[in-house]
Each structure stands twice: as structure tokens, then as C-alpha cells.
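Peer 1: build me a model:
(chains A and B)
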There are 2 protein chains.
Amino acid sequence: MTTAEARLDNHPYGALERRWHRMSALSDAAGVLGWDMSTVMPTGGAEARTEQLAALDVICHQQINDPALADLLDAAEAEAATLDPWQTANLREMRREWRRETALQADLVEALSRACKRCEMAWREARPAADFAGILTPFENLLALVRESAEALGNALGLDPYDALLDGFAPGTTAVQIDNVFQPLAAFLPDFIEQVLARQAAAPQAIPLEGPFPVDRQEALSRSLMGVLGFDFAHGRLDVSAHPFTGGVPDDVRITTRYDEADFMSAMMATLHETGHALYERGLPANWRLQPVGESGGMALHESQSLIVEMQACRSAAFVGFVAPLLREAFGADGPAWQADNLLRLVTKVERGFIRVDADEVTYPAHIILRSHLERAMIAGDLAPADLPGAWNDGLEGLLGIRPENDRLGCLQDIHWYDGAFGYFPTYTLGAMIAAQLFAAAREAHPEIPEAIGRGDFAPLLTWLGDKIHGQGSLQEPDALLIRATGKPLDPAIFQAHLKRRYLD
Amino acid sequence: MTTAEARLDNHPYGALERRWHRMSALSDAAGVLGWDMSTVMPTGGAEARTEQLAALDVICHQQINDPALADLLDAAEAEAATLDPWQTANLREMRREWRRETALQADLVEALSRACKRCEMAWREARPAADFAGILTPFENLLALVRESAEALGNALGLDPYDALLDGFAPGTTAVQIDNVFQPLAAFLPDFIEQVLARQAAAPQAIPLEGPFPVDRQEALSRSLMGVLGFDFAHGRLDVSAHPFTGGVPDDVRITTRYDEADFMSAMMATLHETGHALYERGLPANWRLQPVGESGGMALHESQSLIVEMQACRSAAFVGFVAPLLREAFGADGPAWQADNLLRLVTKVERGFIRVDADEVTYPAHIILRSHLERAMIAGDLAPADLPGAWNDGLEGLLGIRPENDRLGCLQDIHWYDGAFGYFPTYTLGAMIAAQLFAAAREAHPEIPEAIGRGDFAPLLTWLGDKIHGQGSLQEPDALLIRATGKPLDPAIFQAHLKRRYLD
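Peer 2: Down below sits the predicted model:
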């Protein structure tokens, strides 16, 4: 459509909705192809799939960079008074997306994409070999381009560079806000971890569960628990992938897990976690499919929905009491290890460890605070890649009192930075804090929630979440949504109170 | 790209290759999404998928309708003398595709795509319920749009509407050519079927195989036979769908089958059939991926590759001798029913039946002649959808002497029309005839082929096919390719000779 044609359109807002409908459908198509690549695609299909996804990328980039689209946004904003609140929010989100997507020159986008691919490939070899030197050069190149992009994004959005990156994952979040909630937590954690470890050492020790646990029974258990949570298999799937994730689209939401015959808890908790993500996607406002206002409020809020299910609901005494007989039946097991009290000890066991993805609820924030600190320093230019391993090891020792003996257990463990994702890590712990705050508010509004969960009835919790979060899409910005749901902005004391109650009471 | 920019491009042919690379990658993306829809997609995902496919359709339509592309085609044709034979053929196929794709307005393309998906989803419910009334409205809507498209296509190509549809599946084929090869067959078949039935009635009766045949063993058998045929699971998959098909892309080619616990032969033969399609896709010239000349020569030639495997090779005495011990092992069975002579009687048993996909090689052409006749009448406007069930039942009675008692056994049995595919059915019997002609030529060139098949060695046949057909892509048009491979144009006498030799000798 040319600029002249755009001017001929009498309803610029309507034209924008039609354009976004198409762009979102194309990006959903890419999402389904991404799911396929991680679950069912044979290895030999990788090259063809890369071409398919690259073609879709180019098309989406062309569509949002169409000059006629910019004209339509201006024209729609000029007559914003005629729009209802959902339309107004939709237009706000369109502008937000447009600002981010048009901030970077095409050659920078391409250079960044190439640098990501190179660095990620190098990381895949460097991690098992604990060979940080092997990725130093591609990582330096990548970081230089990420910093350049952050600068350009920041200029376009009127934000500091790191805030511009944060905003891409958790809209509106700034480094200052993160300091406000992470600093009290960093002060609280070291003593608290000591107390929890001392208490758990003095209490009866958790008896490990003896496997093997056949994969087919684990899968049946996963499906049955998804059913308990209200997952609708007419609108979604459960599959297997190397790393659990939630993909697909709201009306066809596809979660994955991975099975270990020696440890069914890992797959079960991953399934519950991803089901939390899935219920959020599925509950997004059906009237606003394929529009920005119909999308989730970003990764921090998304993580809050997985963690409210996994951490707040399913690692509680109430849920463990409900699930214990199901587990005994699923694996034909019995005895003291399979009683609710021991199972609860297992799912709330705290340990200092090196690996973030294996960390428990209590030590996890330390891993995130470390990464948050280091990535800000890297984006600011205060920490050179060559100094990352030392800074990582010092930082972990300061926070958790342990020091990795190699970089496989240290700064090479996560893919994020080596794939260009800076500003993502904080959303994990923001999500944990939001989950605690939402769960507390839900329980206050519906005191029967824990007892219902103890019967396997998630309806009271999920109805409340559907009303306060899922069905709201992006009508409000995430901060405003949290205030609307809980009466106040993010309050780090609530997460700490949750930890104290669960681990010290 | 504007027309001015196109003129600035010094190498119009190269620019065309780049554009087609992107368009083909987008259409491959749609292909993978189509596979997903027929195999793993939950029913509730249909609406979202329809939007994704419609958006991709529109984008592909926009890309090929770009006025700059027409200029590039003209410019490239003006300097065609500089191109090598593959490039020349590629340009010819680009022009062919462009003519077809620019014949339809964007709104018609989009409406057709939506109508197809809706009618197909309705058919998935209507078929098991034998509920033709349940799809009448979506089917009427779809047929009206198909007829409108055929008219527009015919105008653009200088063809009758039905020929324009045929040309989309079997390039260059016309209704007159089909009459030329189908009419002798229609004249030959009734007496021939009588003779075969009389002969089989007088011979020892085939002993039925006693099931049940567990699905997991059937699947293992399918995978093992795919391996015998050289299917590479690093570049493909086997899955289940309502109607077996071959999807995906040449480097990730995905076939499907369907299992019946009472009858393993059906799934096994479907797997062999689809493997024939898959080997063609996989063997297409690797240097010409994502270019028109790298694609197959249309559906008649494609069907010849599935039928040369299923009918010519795998229903032969040689193959049955090879597979008999594998079948006994797969199902832990033995006895007279499982000996090669009885198995051969089973896989060459001729019966008048209602279901095309279950039909034997001898009666199958009657099913196709019926459909060919009915779809020509529907496109011409001489047969209304509401009258289809009656016309179907009358037609089948006339051709085979049997009348279906409901539409599940009649006009609802196949997906094709309900997915908008008119002009496709004739390619099945054209394919059978081409397969007979190719197999005869291969055997003449390599007389050891039957004996090799008897050892499970398909290399002599597949090497010949790879050279003569698979690796040729669309370098020649299908008619020319057949002449190059066999020395003559399609000759209906060769197929009849094959039938006589197998069923009356």
C-alpha cells in the first residue's frame, strides 16, 4: 500500500488492525515452525527450516517498516478520542511495537543476527569443554553489536541503553525499579539461606525416591496433572524437547517437558510450570486474537503465571497432599518415601548449587541477581567479556558462598547472553515476586484457595487469575495491572514473607 | 522493489532466483503448517491455523503479483540466450507459475483459502457421520469459488476452465488428452474385470490373515520397509493422519499412514506408496532447492513414483517373496496363510468395492473415471453439490455394478473436493499408466530389477529412477521427460498389458 492509498483509507485505526492481524498471523506461523523445529523436526531439516524462518523474518520486517504504516499510526493517534479503551490500548501497543521494530537499521539487525548465530554455535562447543577462551572473540563481537543496538533502541525510546533492553522483555521495567526490588532481596538472602539450611539439616532428612520411572507412566502423569489444572487438549499439546518451553498460539498452545527415568519430579515440575504459561496464553482475551492488546504483558508477568502454578500452588503442602496418592498409583510405589511429608521435603529441599536451572526457589534469586548485575555492567561497558569468568566466580561466591571450579559450571552454563539476550534474566525473579504477590492477593480474596488446591480443585485460583491477569491481555501496562490485581506495586517484602513462611515456619 | 529499482538490477535472471528463493521458502513454510494441521494439530487450533495460512497465501500472492517481477521476467526472457539449460528451464517454470498465480485477484485467493480450510474441517466431522448435509453449505461456497477461479485461470491461460484446473496438477494435460487415454481404459475394463474375477473365483481362494495386528508392530514394520527402500529418517518422518499423504519439503519429507488393527496390509501398502512419493521429493536436484526447476513435474508424475513402488514393485511376486518372512516375524505368525503364494493372492486380489483408497489396481481406474466425470460436470455447472450423492451412486453402479448405502462409502470418502482440489483425481490413473510405462522401460534397461527386488534390493530400480526422473526436477516438461525416459509418449496399451500379464497370465 502506498502512502497515497493509506490516506484514502477512511478509518486508519481499522486499517492498522487489519495490518496487525496479518503480521501477527505471520509471526504465529513462525512460532509454530519454531515449535516443530524443537520437537519433531528431523535433524536434516534444519537448513530448509532456517530458510523458511528467515523469509518470514524478512517479510515481517518489511511489513512493519512500510512507510504507510507510520502514516496510519499518526492518523489513528490524531483521532484517538473516538476509540474505546481496548482500542486505545491496542493503538498504544502498536506504537510501542513499531518504535522498537523501526529503531534499528536493517544492516545492524542483520549483523546482530549473524553475530548471534556465530556466538551461539561457538557456545555449543565451548560449554561442554568449559572453554571460555573459545568463545571470547565471537562474544566480544556480539556484545559490541548488542551495545550498539541498545544505544539505538534507547535513543528511539528515550531510555538508557540497558532499560531499552529490559523493556523488550518486561515492558516499562527500568534498572532503577529492579534495584528497588533486588537490593532488599540481595540483603535478605545470605542470612536467610543459612537459616533455612540449618533448619533443614536439623529436621528429618528427605528420603530419595527409587526409580526407574518409566517414561510412559511419567507422560500419563503429566497429562493427568495438566487435566487437573484445566489444560484443554482440544486446544493444545504436550511433547518432548531438550529444554521445556511453551510454544504455539493461544488457541493451540503447546508445552514441552523432558523425561529422566531416574527422576520423575523434574519432568512433573517442568510440566506444571509450562502449564502455568499455557493457561495464561489460553486465557488471553479471545476477542483480541492477533492484536497487540490481546497479547501477554511480557516475560516477567508470563513467568509469574508459570511460577504461581509451580512454586506457589504445586510446591505447597496442600498440593503435595493431593498429589501423593496419585504418584504412588502412577508408579505402583509405596512406603515412607512416598508419604506426603517426605514428598514435601523433597520439593522444598534447599541446596547451594552452581546451576541456575537446577536451583530451588530460595537460592534461585541469587543466580538471577548475579546475572542481572553482570549484564548491566557489560552493557554499560564496565565489564569486558574477558573479565566475565572472574567476575562471575567472585559474584557467586559473594552471594552463595560457593565458587565454580570451571566455566561450564559458571558463566558458560546459560545460552542467553551467547544468543544475544540481555535484559531477560531479571524477568525470572521479577516473575517469582509477582507470583508471590498475586497468590497472596488471591488467597486474601478467596481464603478457600489452599484447601481447594488440596482437593485438586484449581478453579478458585484460576478464575481469579483469569479475571485479574489472563483475560486482561495488555489492556493495562504490567505495573498498572499488578496494582489493579493486588492493590499495590511490586513489593519485595511479600516474596520474602512467602519464603519465610514456607521455609522457616 | 519498485520498477525503477528492478531496472537498475544488472542481472534480471539472478534477481528472479533470489525472489523465487524467498517465495518458495514461504510456500514451504505453509507446507509444513499444512502437515502439522493434518497430523498433530489439536482440533481447537483450526481457526488460528486458517489465519496463518491465509496470511501466507496473501503474502505469496503479493510477492508474485509485484509489477517489478513482471518486468524482471520480461528482461530475463530478453536475454535468455545467456542462460544454461537449467536456468532456461527455471525461467520457463517461473513464467508458467507467474501466469497461473497472477490470474487470480487477491481477494479471490484469500476467500478460496478460507473456504478450503472451513470445508475441510467440516468434512472431518461429516465423513464419519456420513452426513453430506452437514457439509453442503461450506461445499457449495467452496465450489462457487473454485468455479470462479477456474474461469479466471482459463481466461489467463487460454484454456477451458477445467483444463486450467488440470494444468495446475499435471502441467499441460487437457481433458481431451485424458479422454484419449481414459476412454480405451473405460472400454477395456468391464470385460477385463469380469475375466479377472472369474479366473480368481476358479483359482485357490486367498486365505485371510487373522489379526489383531498391534499398531506398534505395524509401525515398526512400516519403518523397516521404509528403510529397505532407502528412506532417510534424518531427512523425514512417518506419522499418522486420516488420509495418507506426503508433506514437508525435500530435505524434511514427511509421510503419513493410518493403522487398522484388523488389517496391516492397508497401512503397509500406504506406507510403501507414500515412500515412493517421498523418494521422488528427496531425490529432486539438490542444487535447485527453492527454485521452480528443482520441483517435481506435477502430480501425475508424482503418482507414477508412488505407484511404481507400490503397484509395479511391491505387489510383484518377487517382492512378496522377499517380504513374506518379514511379515511372519513382525507378527509372530505362521501357517499357510502367511506363505508367499497366499500373500501374493491377497495383494493382487480383485474385488468390486466402494472405497477408492482400498481398491485394487484393476478396479481403481473405475473409481477415477467416475470422479473425473463428476468433477468435470461440477466445474461446468452441470452438476450441483446437492445432486452429487445421487450422481455418485448412479455412476458407481454403472461402472462397477455396486451402489453405496451411505455417503461415507460414497461421495464423502475422499478429502480432495472438500479441500478445493478439482482436476487432481485424473492424476492417479495417469500416474498408474506412467508407472507401468516407466517400469517396463527400467526392466528393459536393467533386466535384473525383478530379481534384485526379490532380495529387497531396490538400488537398480531407484538408481534408474533417480537418473531418469527424480534428479531431473522440471528440466523437461512431463511429457518430454516421459519420452526421454521411455522412448515414447504415454501409451495406454502398456498399462493394459501390465494388467493382463499380472492378472490373466
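Peer 1: which helices and strands sit right next to the one helix or strand A:A122 maps to?
Peer 2: If you go by DSSP states H and E, A:A122 is part of helix A:106-129. Where contact means 3 or more CB pairs under 8 Å, 6 or more residues apart in numbering or on different chains; DSSP states H and E, helix A:106-129 is packed against helix A:133-157. Any C-beta I mention is one placed from the backbone N, CA and C, and that applies to glycine too.
Peer 1: in the helix it packs on, what's buried?
Peer 2: By neighbour count on 16 or more other CB atoms under 10 Å in any protein chain shown, the buried set for helix A:133-157 is A:134-136, A:138-139, A:141-143, A:145-150, A:152-154, A:157.
Peer 1: burial measure for whichever residue of the stretch 101-250 of chain A sits closest to chain B, as a count.
Peer 2: At 3.7 Å from chain B, A:H235 is the closest residue in the stretch 101-250 of chain A, using CB to the nearest CB. When neighbours are counted by other CB atoms under 10 Å in any protein chain shown, A:H235 registers 21.
Peer 1: on that earlier part again, give me the angle between the helix holding A:A122 and helix A:133-157.
Peer 2: With axes from the mean of the first three to the mean of the last three CA atoms, to 10 degrees as the basis, helix A:106-129 and helix A:133-157 are set at 150 degrees to each other.
Peer 1: now do helix A:106-129: everything it contacts.
Peer 2: Contacts with helix A:106-129, where a contact means CB atoms under 8 Å, 6 or more residues apart in numbering or on different chains, come from A:61, A:104, A:131-132, A:134-135, A:138-139, A:141-142, A:145-146, A:148-149, A:152, A:408, A:412-413, A:415, A:418-420.
Peer 1: stretch A:374-388 now?
Peer 2: Applying CB under 8 Å, 6+ apart, the contact partners of stretch A:374-388 are A:132, A:136, A:139-140, A:143, A:146-147, A:150, A:161-162, A:165, A:175, A:391-392, A:395, A:411, A:417, A:422-423, A:425.
Peer 1: likewise for stretch A:190-208?
Peer 2: For stretch A:190-208, contacts defined as CB under 8 Å, 6+ apart pick out A:336-337, A:342, A:345-346, A:349-350, A:352, A:362-363, A:366, A:399-401, A:496, A:499-500, A:503-504.
Peer 1: any weak-confidence spans in chain A?
Peer 2: Where chain A drops to pLDDT under 70, the residues are A:1-10.
Peer 1: enumerate the residues of it near chain B.
Peer 2: Residues of chain A lying close to chain B by CB under 8 Å from any CB of the partner chain are A:21-22, A:25-26, A:28-30, A:32-33, A:36, A:40-45, A:47-49, A:51-56, A:58-59, A:232-237, A:248-252, A:289-290.
Peer 1: using PyMOL, define a selection of the buried residues within those.
Peer 2: Per 16+ other CB under 10 Å, the buried members of these correspond to this PyMOL selection:
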select buried, chain A and resi 21+22+25+26+28+29+30+32+33+36+40+41+42+44+45+48+49+51+52+53+55+56+59+235+236+237+248+249+250+251+252+289+290
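Peer 1: now, the residues of chain A next to chain B that are in helices?
Peer 2: Among the residues of chain A next to chain B, the members found in helices (DSSP state H) are A:21-22, A:25-26, A:28-30, A:32-33, A:36, A:47-49, A:51-56, A:58-59.
Peer 1: okay, now the residue in the stretch 351-500 of chain A that chain B sits nearest to: neighbour count?
Peer 2: Taking CB to the nearest CB, chain B has its nearest neighbour within the stretch 351-500 of chain A at A:G473, 15.8 Å off. Residues near A:G473, counting by other CB under 10 Å, number 27.
Peer 1: go on, A:Q437?
Peer 2: 26.
Peer 1: got a list of what the residue in the stretch 151-300 of chain A positioned nearest to chain B touches?
Peer 2: Closest residue of the stretch 151-300 of chain A to chain B, CB to the nearest CB: A:D252 (2.8 Å). Neighbour list for A:D252: A:32, A:235-237, B:41-42, B:44-45, B:48-49 [criterion: CB under 8 Å, 6+ apart].
Peer 1: so it bridges to which residues?
Peer 2: A:D252 has the following beta-bridge partners by DSSP bridges: A:V249.
Peer 1: got the buried residues for whichever helix or strand A:E194 is part of?
Peer 2: According to DSSP H and E, A:E194 maps onto helix A:175-202. Buried residues in helix A:175-202, counted by 16+ other CB under 10 Å: A:175, A:177-178, A:181-182, A:185-186, A:188-189, A:192-193, A:196-197, A:200.
Peer 1: tell me the buried residues in the helix or strand that comes right after it?
Peer 2: Counting by DSSP H and E, the next helix or strand C-terminal to helix A:175-202 is helix A:215-228. Using 16+ other CB under 10 Å as the test for burial, helix A:215-228 gives A:218-219, A:221-222, A:225-226, A:228.
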